[in-house]
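[1] structure, please.
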Amino acid sequence: MATEKLWMDSIEACYQTDFKATVSSIKEEKLVLDRTLFYPLGGGQNWDLGTLTWDGGESEIIEVRGRDEITHLLENTKNLQKGNEVNGNIDWQRRHAHMRMHTAQHLVSGIVYEMFHGTRTVGNQIHHDRSRIDFNPIRFEDEMLQRVVSQVNQTIDSSLGVECCVMTRKEINKLMPPERTNMDLLPASVNELRVVKIGDGLDLCPCAGTHVRNLSEIGHIRILGKKSKGKGTHRISYTLDGLGDEL
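    Numbering: from 1, shown residues only. This is a model prediction of the structure:
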C-alpha cells in the first residue's frame with residue numbers, strides 16, 4: 001500500500017512539522033506508515049530527520065527511503081507493532097535548509113538555462129549545508145559564475161512567491177520547453193505531475209521536493225566551487241546565507 005505523502009499537498013504543507021500516523025508494517029528497525037511528513041531520499045534531495053513517539057517508546061529517524069511505500073529506518077522499535085499509532089516530529093532546521101536549497105536550485109537552473117543558450121541541468125544533490133548542480137553543455141569561467149550569482153541574488157531579492165499544483169504534461173509543455181523542465185526525459189505514460197512554480201512564469205518544473213513559499217526565505221547564494229565532470233558537463237557547488245558557514 002502506498003504511503004500518503006503529506007508534504008505534497010501544498011507549499012504550506014512543507015512547513016508542517018508534526019503528524020499522526022498508523023504503522024502499516026514493521027520489520028526489525030524498518031517501519032512503513034500509512035502517511036508521513038518525512039521526505040525520503042529522491043529527486044536529488046536528502047531525507048528528513050526527526051523523531052517518532054508512541055505509547056511506550058520513542059526513536060530518532062536514521063534514514064527515509066522509498067517512492068510509493070516510504071520506509072523509515074529507526075534507531076529502535078521497542079514496544080511498537082503493526083496497527084499502532086505514532087506521532088512524528090520533523091527536524092525543522094534540516095527541513096527548512098532543504099527547502100531553501102531546493103528552491104535555490106530551481107532558480108539557478110532556470111537562470112543558467114536562459115543566460116547560456118539552453119544549458120540543461122543534468123543532475124543535482126541537495127543537502128542542508130551545501131548543494132551541487134551539474135550542467136551540460138557548458139564550461140563555467142569565473143566571470144560567468146559571477147553573472148549567475150548576481151542574477152540569482154537579484155531575483156531572490158524580488159521576493160517572488162512560490163507555489164505548487166498538479167498539471168498535465170500538455171499544460172506544462174505549453175508553458176515551458178520540455179528540455180528546460182526535463183519533461184522529455186520522463187516516461188510518456190506519466191501524464192499528471194506535481195509542479196513547482198516561481199512567480200508568474202519565471203520558472204516551472206515538475207518536482208516532488210520541499211520548497212519555501214517566497215524567494216526571500218532563501219537568502220543569498222554563494223558559489224563554493226566548480227569542477228569539470230567530462231563530456232561537456234560542469235558541476236557547481238553552492239551554499240546559502242547562514243548555511244555551511246563552517247565551509
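[2] so where is the chain shaky, pLDDT-wise?
    Across the chain, the stretches falling below the confidence threshold (pLDDT under 70) are 245-247.
[3] can you pull up the most central residue in it?
    residue 209 (3.4 Å; Cα atoms, centre = their mean).
[4] my guess is that residue meets residue 104, correct?
    No: counting by Cβ atoms under 8 Å, residue 209 does not reach residue 104; the two are 11.6 Å apart. Quick note: C-beta positions are derived from backbone N, CA and C, even for glycine.
[5] sec struct for the residue nearest to the centre of the chain, please.
    coil (DSSP: H, G, I helix; E, B strand; the rest coil).
[6] for it, what are its contacts?
    Counting by Cβ atoms under 8 Å, 6 or more residues apart in numbering, residue 209 touches 39, 43, 44, 45, 98, 102, 126, 196.
[7] next: residue 135.
    Residue 135 sits in contact with 109, 112, 119, 120, 121, 122, 233, 234, 235, 236, where contact means Cβ under 8 Å, 6+ apart.
[8] so what strands line up beside the host helix or strand of it?
    Using DSSP states H and E, residue 135 sits within strand 131-136. Partner strands for strand 131-136, per DSSP bridges, with pairing direction: strand 120-125 (antiparallel), strand 233-240 (antiparallel).
[9] now those strands in CSV, with distance to residue 150?
    Shown next, in CSV, are the strands paired with strand 131-136 (distance: least, Cβ to Cβ, whole Å):
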stretch, distance to residue 150
strand 120-125, 19
strand 233-240, 14
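[10] tally up the residues packed near residue 206, please.
    Neighbourhood size, residue 206 [other Cβ atoms under 10 Å]: 19.
[11] apart from its chain neighbours, what residue comes closest to it?
    Leaving aside its sequence neighbours, residue 206 sits nearest to residue 193 (Cβ to Cβ, 6 or more residues apart in numbering; 4.2 Å).
[12] likewise for residue 207?
    By the measure of Cβ to Cβ, 6+ apart, the closest residue to residue 207 outside its immediate chain neighbours is residue 196, 4.7 Å from it.
[13] same check, this time on residue 59
    residue 74 (4.2 Å).
[14] any idea how far residue 222 is from residue 21?
    Noted for residue 222: a distance of 38 Å to residue 21, by Cβ to Cβ, to the nearest Å.
[15] who's more crowded, those two?
    Neighbours were counted for residue 222 and for residue 21 using other Cβ under 10 Å; residue 21 has more, 23 against 16.
[16] does that one touch residue 33 like I think?
    Yes: under the contact definition of Cβ under 8 Å, residue 21 touches residue 33, with a separation of 4.1 Å.
[17] how does this structure divide up, domain by domain?
    4-90, 95-240 (automatic domain parsing).
[18] end-to-end on the first one?
    I take that to be domain 4-90. For domain 4-90, the first-to-last residue distance is 16 Å (Cα to Cα, to the nearest Å).
[19] neighbours of residue 101, how many?
    31.
[20] give me the angle between the longest helix along the chain and strand 120-125.
    Counting residues, the longest helix found in the chain (DSSP state H) is helix 92-115. Calculated by axes from the mean of the first three to the mean of the last three Cα atoms, to 10 degrees, helix 92-115 forms an angle of 160 degrees with strand 120-125.
[21] how far off centre is helix 92-115?
    8 Å (Cα atoms, centre = their mean, to the nearest Å).
[22] next: stretch 121-131.
    That offset, for stretch 121-131, works out to 9 Å (Cα atoms, centre = their mean).
[23] what's the answer for stretch 29-44, then?
    14 Å.
[24] what distance separates the start and the end of that stretch?
    Termini of stretch 29-44 sit 25 Å apart (Cα to Cα).
[25] quick one: buried residues of it?
    Buried residues in stretch 29-44, counted by 16 or more other Cβ atoms under 10 Å: 31, 32, 33, 36, 37, 38, 39, 40, 44.
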